[in-house]
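Undergrad: Got a predicted structure plus its sequence, pasted below:
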Amino acid sequence: MSTKAIKVTCEGAALVPLSSLRNFQGGLKRLPAAKYLLLKYAIEKYGFSFPVYVWRDKRGARQIIDGHQRVLAVRKMIANDGYKLEGGKVPVSWIEARSLREAREKVLLAVSQYGTMSEEGLYEYMTASEIPPSLVTRALDLQTIDLKEFDRKFYGNQDDDGNSDDGGEKAHATAAAKESSKRKLLSKWKVKKGQVWTIPSATVPGGHHVIKCGDSTNWKVVGQFEL
């Protein structure tokens, strides 16, 4: 079995041996096979990209507060898939806790997700940043979004059987071009969300049309007008 390197692509407060880190979550979370493949791909492509949050208990043991799944994935990649961790160490950030109970409470804080993400917000972010749609189904795990449905809806990247086609990358290129054109027009005409224009009607004497710059699917925007 050939040896493949796992690069460390971040910095922390210290570098510690992977073997010295202890699972502090117990059975709180698990890493299903499908999720392991997502995480494995992300580590292969981007390296070990974020420090592990670690609490040192009274005995000096290094207990993982946040980063359990990444540590588990790296250990599986080494044991099962022929990988070798660069230097054998990972970056950590030290987390303070006055007691075992407080440390366990901070585990729950670390695994909590307070912000919510919309499909439209994700699409706009990816398009503006020119992030390829292939990242969606190969590396991401966003709890609030069905990523396969998002991929089909915005990129047309899969059919009903989950088979990939060539439409996704082309759709991404088209979307990126549209986004670039939109930004140029906004810059040229100095248009901003919330601006309102009143335009005389060409067909109704004395009538007029009211146009507002904003999202026509958002009722908070549309509801400001009398229909």
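TA: It's in.

Undergrad: Show the low-confidence segments of this structure, by residue range.
TA: Counting by pLDDT under 70, the chain has low-confidence residues at 1-2, 157-183, 186, 189, 216-217, 219-227.

Undergrad: now the strands for this structure?
TA: 4-6, 14-17, 21-22, 52-56, 62-66, 83-85, 89-94, 196-200, 208-212 (DSSP state E).

Undergrad: State the distance from the residue of the chain most remote from its centre to Gln195.
TA: Relative to the C-alpha centroid of the chain, counting by C-alpha atoms, centre = their mean, Pro205 is the outermost residue, at 52.6 Å. Applying C-beta to C-beta, to the nearest Å, the value for Pro205 to Gln195 is 27 Å. C-beta coordinates here come from the backbone N, C-alpha and C atoms, glycine included.

Undergrad: again with Thr144
TA: Counting by C-beta to C-beta - Thr144 and Gln195 are separated by 31 Å.

Undergrad: got it, and Gln143?
TA: From Gln143 to Gln195 the distance is 36 Å (C-beta to C-beta).

Undergrad: just Ser93 next, same as before
TA: Distance from Ser93 to Gln195, by C-beta to C-beta: 44 Å.

Undergrad: cool, Ser20 as well?
TA: 58 Å.

Undergrad: And for Ser118?
TA: 23 Å.

Undergrad: Repeat that for Leu147.
TA: Taking C-beta to C-beta, one finds Leu147 at 35 Å from Gln195.

Undergrad: In terms of packing, which of those two has more residues around it?
TA: Leu147 (18 against 11; other C-beta atoms under 10 Å).

Undergrad: Give me the spatial nearest neighbour of that one, chain neighbours excluded.
TA: Of all residues not flanking Leu147 in the chain, Val136 sits nearest, at 5.2 Å (C-beta to C-beta, 6 or more residues apart in numbering).

Undergrad: Let me see the contact set for the one you found.
TA: Residues near Val136 by C-beta atoms under 8 Å, 6 or more residues apart in numbering: Met126, Leu147, Phe150, Asp151, Tyr155, Asn157.

Undergrad: Repeat that for Met77.
TA: Ile6, Lys40, Ile43, Tyr83.

Undergrad: now do Leu85
TA: Ala5, Ile6, Val8, Leu18, Phe48, Val74, Ile78.

Undergrad: That one bridge partners, please.
TA: Beta-bridge pairing for Leu85 (DSSP bridges): Ile6.

Undergrad: Give me the nearest residue to Val191, chain neighbours excluded.
TA: Nearest non-adjacent residue to Val191 (C-beta to C-beta, 6+ apart): Cys213, at 5.6 Å.

Undergrad: you'd agree Tyr155 is up against Pro133?
TA: Yes. At 4.2 Å, Tyr155 and Pro133 qualify as touching, with contact defined as C-beta atoms under 8 Å.

Undergrad: So Leu18 versus Phe48, what's the distance?
TA: 9 Å.

Undergrad: So which of the two has more stuff around it?
TA: Higher neighbour count among Leu18 and Phe48: Phe48, with 24 against 17, using other C-beta under 10 Å.

Undergrad: which residues of this protein fall in helices?
TA: 33-46, 68-81, 100-111, 119-128, 134-139, 147-155, 167-189, 219-222 (DSSP state H).

Undergrad: out of these, which comes closest to Gly27?
TA: helix 68-81 (10.9 Å; C-beta to C-beta).

Undergrad: Break the protein into its domains for me.
TA: 4-111, 119-189, 192-227 (automatic domain parsing).

Undergrad: Quote the end-to-end distance of the longest one.
TA: Pointing back at domain 4-111 there. 30 Å (C-alpha to C-alpha, to the nearest Å).

Undergrad: I appreciate the help and will end here.
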